[in-house]
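**Q** the following block contains a protein sequence and its predicted model.
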2 protein chains.
Amino acid sequence: MDHDDSAAGSTDVLERLGAFSDRDDWPAKGWCRIERSLDVIGTRSAMLVVRELFYGGSKFDELARRTGLSEAVVAGRLKQLYADGIVDRRPYREAGKRTRDEYVLTERGRGLFPIVVALVEWGEGLRDDHRTGVELVHRDCGTSLSAVVTCEKGHEVPVDRAAVRLKGEEYALAGLRRGSK
Amino acid sequence: MDHDDSAAGSTDVLERLGAFSDRDDWPAKGWCRIERSLDVIGTRSAMLVVRELFYGGSKFDELARRTGLSEAVVAGRLKQLYADGIVDRRPYREAGKRTRDEYVLTERGRGLFPIVVALVEWGEGLRDDHRTGVELVHRDCGTSLSAVVTCEKGHEVPVDRAAVRLKGEEYALAGLRRGSK
DNA sequence: GTTCTGGCTATGGTTTATATGAGCCAGGGT
DNA sequence: ACCCTGGCTCATATAAACCATAGCCAGAAC
């Protein structure tokens, strides 16, 4: 297989600043935000349930059927997602049916939107059938959605213009070269 | 536990358009981009390796040590990530050492950047210690990074202004009717 | 050659994730 | 009262993910 990668520059990857410049000093264990996120939504079943919640599913049987997961797994995930504050339960009642709970995304759950969009977008390039599948669009203008990285000033930030540092180390732009440590 | 969610409106979630308006007609199995993405980076170990690649790790022992994963798992992940075109191997040589391979993200691998940023950002809100951990910033202005959803025209799109529809609906509908199973 | 180092693999065991199928039970219908 | 449906749980089983240890082996140093 030839991976025709045109990345000649050996480091168009995150620049490490300050104390983080030697990576090995920082034990990610228990602190890394990514690991924490993965503790909550790191399983296939969790993401599939979240997907269906975004797609409008709310009842237990909808979520089980549409994800293709077993009922036991869906029940377990919903319990965990509830405990973690991703979904809320609210009782409702259909005519002729008993009251039951439906599941809706909380604010925190809706905060997963960029992740969902990014996963859809990235999955697009994985195989070569570009004609099928779903696509996410802007209701107002109809164009398709994309997850982009921006800074607080609204600049779009590509990987090679991004950096990573330990939180709390306020680094003036001028002090970037100070090796710290 | 009280989940004080202020989401009164029952559907600030994706609007479903066209044939996708009844969700049950579309079997996600095998087509969903999210599922495909998860097939590649859906495990904890895969994301941790990707994290370290973004943080500048490239050698085998770096990746093993910094992820905290066992060597066997790292080796397996690297093999899979290589097969899927996420990383490329390039031989190099340190003085006095034998030649070996280092691993660098391909273009496709770097395409995971929004997902990494979104995971870091979302993980931030999960517990209440906001002072530690790493943060991603813009090299140029120093402000922290965020993954936002935009349409092709550059509008920022919140969840409740987004919609989902089948891609190339003519094709998809025809395909489904022909009993594509 | 021989030695030694480091990237990687192979083996075996534990934990986690998921499927399958059976079954409980709250509560509305009647 | 009794039945029945559907949300959910339990029990069991399989598969996948992961760790720990040991060991292989290419190749540079000598």
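**A** Right, received. Where do you want to start?

**Q** tell me the secondary structure for the residue sitting nearest the centre point of chain A?
**A** Residue closest to the average C-alpha location in chain A (Cα atoms, centre = their mean): A:Ile115, at 2.7 Å. Secondary structure, DSSP: H, G, I helix; E, B strand; the rest coil: A:Ile115 is helix.

**Q** for the residue sitting furthest away from the middle of chain A, report the pLDDT, please.
**A** Within chain A, the residue lying farthest from the chain centre (Cα atoms, centre = their mean) is A:Gly96, at 38.8 Å. A:Gly96 carries a pLDDT score of 71 in this model.

**Q** gap between the residue nearest to the centre of chain A and A:Trp31?
**A** 20 Å (Cβ to Cβ, to the nearest Å). Every residue, glycine included, has its C-beta placed from N, CA and C.

**Q** now swap in A:Val120 and tell me
**A** Distance from A:Val120 to A:Trp31, by Cβ to Cβ: 29 Å.

**Q** look at those two and report which has more neighbours.
**A** A:Val120 (24 against 17; other Cβ atoms under 10 Å in any protein chain shown).

**Q** the more buried one: which element?
**A** Using DSSP states H and E, A:Val120 sits within helix A:113-124.

**Q** equivalent analysis for A:Gly168, please.
**A** Per DSSP H and E, there is no helix or strand for A:Gly168.

**Q** gap between the following helix or strand past the helix holding A:Val120 and the chain center?
**A** Following helix A:113-124 in sequence order, the next helix or strand is strand A:134-138 (DSSP H and E). Centre-to-centre, strand A:134-138 and its host chain are 17 Å apart (Cα atoms, centre = their mean, to the nearest Å).

**Q** list the helices and strands strand A:134-138 packs on?
**A** helix A:113-124, strand B:162-166 (3 or more Cβ pairs under 8 Å, 6 or more residues apart in numbering or on different chains; DSSP states H and E).

**Q** contacts only, for A:Arg51.
**A** Taking Cβ atoms under 8 Å, 6 or more residues apart in numbering or on different chains, we find A:Arg51 in contact with A:67, A:116, B:28, B:32, B:34.

**Q** of those, which is the most crowded?
**A** Neighbour counts for the contacts of A:Arg51 peak at A:Val116, which has 27 neighbours (criterion: other Cβ under 10 Å).

**Q** how about the contacts made by it?
**A** A:50-51, A:54, B:34 are the contacts of A:Val116 under Cβ under 8 Å, 6+ apart.

**Q** hmm, try it at 10 Å
**A** A:47, A:50-51, A:53-55, A:110, A:136, A:145, A:147, B:14, B:33-34, B:118, B:149, B:159, B:162, B:164 (Cβ atoms under 10 Å, 6 or more residues apart in numbering or on different chains).

**Q** chain A: helices as residue ranges?
**A** A:33-41, A:44-54, A:60-67, A:71-83, A:107-110, A:113-124 (DSSP state H).

**Q** quick check: which of those helices is buried the most?
**A** helix A:113-124 (a mean of 24; mean count of other Cβ atoms under 10 Å in any protein chain shown).
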